[in-house]
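Q: Here is the input, now give the coordinates:
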Amino acid sequence: MTRRTIHRGAVAAVAALALCWSARAQEARASFPFDDGPDGFTAIAVQSTQVAPDANASVSITREAGDFKAGSGALVYRYQIQPGPIAALYADARIPGDSRSLRFWLRTDRATVFLVSLREQDGSSYQLSFVIAANQWTEVKANLSECILEQGGKDENGTLDAAQVQAVGLLDLASVLVNGPDAVKQLVPNLQGKRALWLDDLTFSPERVPQATGLIEEGGRRSLLVDNFETGLVRWTPVRVVFTATPPSFGLFPENTTVEVRTEAAGPGMARTPLEPGGKGLRVTYSRAAGEAYALNRDLEGYDLSGATRLQMSLNCSRKSLLILQVKERDESEYQVTIQPENSVGWQTHSLPFADFKLGDNSKDENDRLDPGQIKEITLLDGSAFAGLEAGETVLELDAVSIAY
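A: Modelled structure (predicted):
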């Protein structure tokens, strides 16, 4: 229920952003350097179908050393997370029709999930979501083909057309969470309050960056590349579950947990294709304790997995761990498979047939069978506390995650 609420709220926010688009003619531009001004970006507040300037937010340019990444300045967006209108950064903006990728630098004062929205003239909206750590400059780069059509959205070809882009939006999902039920708001401690982000050097390029996610045709076989981390973007949300609480409590972005993409975290391999390990990998460092479990969650909404047969990944853990790989269908039923402690230490490649996933003990499904076409998310959970395994600092590394059809 929690995940569904978050996602529906994000969809509503993106849909509301579409109301802001102005029909006035604009020149296409590939670069937004934020050296001389906000380059058309403004702070808005979205309430249901109403859009207005955000009186609780500001947009300015900083030229303070360390507060910009390129050129001579950066955009500063200061906003408030509070119940009520959703806060967003927005610009009417056309981009060159030959654009194939985007990149920009972002720094925030809180760890959170951000959503970039690119809206076409016909109202269809494509999204790029990612996790960002606090207080450090992060380069965000992705191919436009990796942006996903909003859930429930319609487009004549199901593909983002750069020549039709008319608006760009940037949204902190905390602005959605704060309007959710209490169970959702409790996911992030100290959710309300003032926040700030620094945005610099937004660029749309005709060149592609390495593919990090999306459909792959290779050797006559089709796969969904869930993640190979080659662009450095983090799409996995860290979660801590405390089972000693009544009821069990869930928290996003737990303290003393780092999630980062590093070359040293790559699995053995040459990364000669997007599906092969090597290059870069995801490293998660956390301190596990009795009565707690740590997890990484990856949203797969927007992908059609009908006909998919197995999940594949390269995985390494610094200490013996009981790892549970869980997939969730759109009706909230959960299926899982377990990686035993003896198979967790040292790099190993796991190929897990969906036929081997079993319905969770606390889950129900109308046919007691995993339907790949209904999968909406996957979760990798360290459940070592269930097995009484050693507590302490743990490093988990992940690479080349894919789903084969």
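
Q: pretty sure residue 326 is in contact with residue 333, am I right?
A: No: Residue 326 lies out of contact with residue 333 (Cβ atoms under 8 Å); the separation is 10.8 Å. Just so you know, the C-beta spots here come from the backbone N, C-alpha and C atoms, and that holds for glycine as well.

Q: residues shared between the contacts of those two?
A: Common neighbours of residue 326 and residue 333, using Cβ atoms under 8 Å, 6 or more residues apart in numbering, are residue 360.

Q: Please report how far residue 280 lies from residue 230.
A: To residue 230, residue 280 is 5 Å away according to Cβ to Cβ, to the nearest Å.

Q: Could I get the full set of helices for this protein?
A: Taking DSSP state H to define them, one finds helices in the chain at 2-17, 174-177, 182-185.

Q: now for the second one, which elements pack on it?
A: So the one you mean is helix 174-177. helix 2-17, strand 74-81, strand 86-92 (3 or more Cβ pairs under 8 Å, 6 or more residues apart in numbering; DSSP states H and E).

Q: can I get the CA coordinates of it in CSV?
A: Extracted as CSV, the C-alpha positions of helix 174-177 are listed here (Å, rounded to 0.1, in the frame of the first residue of the first chain):
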residue,chain,number,x,y,z
ALA,A,174,9.4,14.3,-0.5
SER,A,175,6.8,16.9,-1.6
VAL,A,176,4.6,13.9,-2.5
LEU,A,177,5.3,11.8,0.6
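
Q: Against residue 350, how distant is the closest residue in space to residue 317 that isn't next to it in sequence?
A: Closest residue to residue 317 apart from its sequence neighbours, by Cβ to Cβ, 6 or more residues apart in numbering: residue 344 at 4.4 Å. Distance, residue 344 to residue 350, using Cβ to Cβ: 10 Å.

Q: Give the residues shared as contacts by these two.
A: residue 315.

Q: higher neighbour count, these two?
A: Ranked by neighbour count (other Cβ atoms under 10 Å), residue 344 and residue 350 place residue 344 first, with 22 against 17.

Q: Quick one, grab the pLDDT at that one.
A: Residue 344 is assigned 93 on the pLDDT scale.

Q: any idea how far residue 319 is from residue 312?
A: Using Cβ to Cβ, one gets 23 Å for the distance from residue 312 to residue 319.

Q: Next, count neighbours for the closest residue in space to residue 214 that isn't next to it in sequence.
A: Nearest residue to residue 214, sequence neighbours excluded (Cβ to Cβ, 6+ apart): residue 146, at 5.0 Å. Neighbour count for residue 146, taken as other Cβ under 10 Å: 22.

Q: Next up, the contacts around residue 146.
A: Residues near residue 146 by Cβ under 8 Å, 6+ apart: 128, 211, 212, 213, 214.

Q: Residue 74 too?
A: 34, 61, 62, 67, 68, 105, 198, 199, 200.

Q: Against residue 159, how distant is the closest residue in space to the last one that isn't next to it in sequence?
A: Same thing as residue 200. Closest residue to residue 200 apart from its sequence neighbours, by Cβ to Cβ, 6+ apart: residue 74 at 3.9 Å. Distance, residue 74 to residue 159, by Cβ to Cβ: 32 Å.

Q: Over to residue 107?
A: For residue 107, the distance to residue 159 equals 31 Å [Cβ to Cβ].

Q: hang on, the earlier thing: selection in PyMOL covering whichever of the contacts of residue 74 are buried, please.
A: Those of the contacts of residue 74 that count as buried under 16 or more other Cβ atoms under 10 Å are selected in PyMOL with:
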select buried, resi 34+61+68+105+198+199+200
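
Q: Now render the contacts of residue 74 as JSON lines, adding pLDDT and distance to residue 94.
A: Putting the contacts of residue 74 into JSON lines (pLDDT from 0 to 100; distance: Cβ to Cβ, whole Å) gives the following:
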{"residue": "34", "pLDDT": "98", "distance to residue 94": "18"}
{"residue": "61", "pLDDT": "98", "distance to residue 94": "22"}
{"residue": "62", "pLDDT": "98", "distance to residue 94": "26"}
{"residue": "67", "pLDDT": "95", "distance to residue 94": "28"}
{"residue": "68", "pLDDT": "96", "distance to residue 94": "25"}
{"residue": "105", "pLDDT": "98", "distance to residue 94": "22"}
{"residue": "198", "pLDDT": "98", "distance to residue 94": "24"}
{"residue": "199", "pLDDT": "98", "distance to residue 94": "19"}
{"residue": "200", "pLDDT": "98", "distance to residue 94": "21"}
